[in-house]
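1. Structure here, sequence nowhere to be found:
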């Protein structure tokens, strides 16, 4: 087990109360573990994928207008051209006009960022969110 370092952190009282309430509801037995998990998520979210050659896993989630001519075919073709990154896709019909698509991805940060940028730039894609976590190279299939 790696050595543990003790640090002191100051919080506004209302933020600390909210943090304690939420971490308690999530089943955390110690504030330290909840803070460690929060810091890990912050670090993973803020890492610069552009320069990172590490392995990542996560989802690309986007909302699009399904009646934009040719868009669904373009989205499918684009995913096929990134077959080395795309692991699975979920398609949800939200309204008569909008669909939600979730693409599970694994691979290099550079490749995932490229796919994300290409998807979000398509006419008819309204918004795209990316949620990634760093992973070990050996977990990438």
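-> Happy to help now that I have it. Source: prediction; values computed, not measured.

2. which residues are in contact with stretch 69-89?
-> For stretch 69-89, contacts defined as Cβ atoms under 8 Å, 6 or more residues apart in numbering pick out 64-66, 101-107, 111-112, 115, 118-119, 122-125, 141. Where C-beta positions appear, they are placed from N, C-alpha and C, glycine not excepted.

3. can you pull the buried residues of the helix or strand of the chain with the lowest mean pLDDT?
-> Least confident helix or strand of the chain, by mean pLDDT, DSSP states H and E, is helix 31-46 with a mean of 82. Buried residues in helix 31-46, defined by neighbour count with 16 or more other Cβ atoms under 10 Å: 34-35.

4. what's it packed up against?
-> For helix 31-46, the packing partners by 3 or more Cβ pairs under 8 Å, 6 or more residues apart in numbering; DSSP states H and E come out as helix 13-25, strand 125-135.

5. Can you turn the buried part of the contacts of stretch 69-89 into a ChimeraX selection?
-> The ChimeraX command for the buried members of the contacts of stretch 69-89 (criterion: 16+ other Cβ under 10 Å) is given here:
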select :64,66,101,103,105,106,107,111,112,115,119,122,124,125
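
6. Next step: the contacts of stretch 69-89 restricted to helices.
-> Among the contacts of stretch 69-89, the ones falling in helices (DSSP state H) are 111-112, 115, 118-119.

7. Let's have those in CSV, adding distance to residue 8 and pLDDT.
-> Shown next, in CSV, are these (distance: Cβ to Cβ, whole Å; pLDDT from 0 to 100):
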residue, distance to residue 8, pLDDT
111, 40, 90
112, 36, 91
115, 41, 95
118, 45, 94
119, 43, 95
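
8. how big is the angle separating the least confident helix or strand of the chain from strand 125-135?
-> Angle of helix 31-46 versus strand 125-135, following axes from the mean of the first three to the mean of the last three Cα atoms, to 10 degrees, is 120 degrees.

9. Thank you, goodbye.
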